[in-house]
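1. whatever this is, show me its structure:
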Amino acid sequence: MRWQRIWQAEWVAPLVALLAITVVLSFYDPNFRKLENLSNIGFQTAVIVTLAAGQTLVIIAGGIDLSVGSVLALVGVVTALLLAAEKPIFLSILLGLLVGMGCGFVNGFLVTKGRIPPFIATLGMMGVARGLALVLSKAQNVFIPQEPRFEPFLELGTGRWLGIPIPFLIAAIVAMLTELLLSFTRFGRYIYAVGGNREAARLSGIPVNLVLLLVFVLCGLTTAIGGIVETARLSVGQPTGGQLYELHAIAAAVIGGASLAGGRGSVLGTVLGALLMAVIRNGSDLLNIPYEWQQVILGTLVVLAVLFDQWRRRG
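-> As a prediction, the model looks like this:
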């Protein structure tokens, strides 16, 4: 019975697919299993995993956040502007995190108090955050001075610890804490309950509006962390950065077993979904598959994941 429950878990399908594709690529192209290539996959996946962790919370609660890519750009611009103005690193990072959480709070407030559907509320925030990023930066990239005192900040995006990319370690910590929140706290159970049946959750005494508000704030927080890591990796705040990141984050969650209908999903599955997409992209590059066909492959993978979710729900 225990093995049957494990087999039915949302993260099993992406795990099997990830292992199968990894084994095939490792035998077909020896360059794939080189440490340098695996490290590149870690760097490429870190930001999407960080964003997707918060996106998973929103999806499980029955919502969606289309603004994460634009909020990431806004956080990056704000952080870079503060550093360029020679503000302390700690203060710059703190204000960047507050900007992300503030955007999440506005999204949650519009959904809970304004009764606006999450799709529309976050679509509006997508435009607002992108516009603010362009206004604050005057539509120009904001470069971080290449000085020794800014090295600790830049290490967040380019450094390594025991050979492991620091961005990947940050993403792993964010994912682990988010999974612990979902699996071992009362708040996590509330998120599943709200996503499964909002009215039943309300009648059970669960503060539905508060849960939704906090979920969007947490999504804003993880987005801000991703924005800071991305800014440190590129050494620049880009007002046009993060484009389509919201779609990648949603795709990672869906491929990882999260249901767009709410009430189902896990951060572990989301991480596996993000890694699966990164491995497919990396393997496609090694095999010289054109970018256009890579998009076709990933799009097909998302559709198959949704079809599998619908089949499982009917079952």
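2. what ranges in the stretch 201-315 of the chain fall below the confidence cut-off?
-> Where the stretch 201-315 of the chain drops to pLDDT under 70, the residues are 309-310, 312-315.
3. strands of that one, start to end?
-> All strands of the stretch 201-315 of the chain, identified by DSSP state E, counting those that start in this stretch, fall at 236-237.
4. so how far is stretch 72-92 off the chain centroid?
-> In terms of CA atoms, centre = their mean, to the nearest Å, the centre of stretch 72-92 is set 21 Å apart from its chain centre.
5. how about that stretch: buried residues?
-> Within stretch 72-92, the residues that count as buried by 16 or more other CB atoms under 10 Å are 72-84, 89, 92. Every C-beta, even on glycine, is put in place using the N, C-alpha and C of the backbone.
6. contacts for it?
-> For stretch 72-92, the surrounding residues in contact (CB atoms under 8 Å, 6 or more residues apart in numbering) are 47, 51, 93, 95-97, 99-100, 103, 129-130, 132-133, 136-137, 142-145, 150, 152-153, 223-224, 226-228, 230-231, 236-242, 245.
7. quick check: mean pLDDT of it?
-> Stretch 72-92 carries an average pLDDT of 94.
8. of the contacts of stretch 72-92, just the buried ones, ChimeraX syntax please.
-> Restricted to buried positions by 16+ other CB under 10 Å, the ChimeraX selection for those reads:
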select :47,51,93,95,96,97,99,100,103,129,130,132,133,136,137,142,144,150,153,223,224,226,227,228,230,231,236,237,238,239,241,242,245
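9. mind checking which of the contacts of stretch 72-92 land in helices?
-> 47, 51, 93, 95-97, 99-100, 103, 129-130, 132-133, 136-137, 152-153, 223-224, 226-228, 230-231, 245 (DSSP state H).
10. now do the helices in the stretch 51-200 of the chain.
-> Taking DSSP state H, counting those that start in this stretch as the criterion, the stretch 51-200 of the chain carries its helices at 68-84, 89-112, 118-137, 151-158, 166-184, 186-196, 198-203.
11. mind checking which of these is nearest Gly269?
-> Closest to Gly269 of the helices of the stretch 51-200 of the chain is helix 166-184 (CB to CB; 9.6 Å).
12. returning to what we had before: the buried residues of stretch 72-92: which two are farthest apart?
-> Ala73 and Ile89 (20.1 Å).
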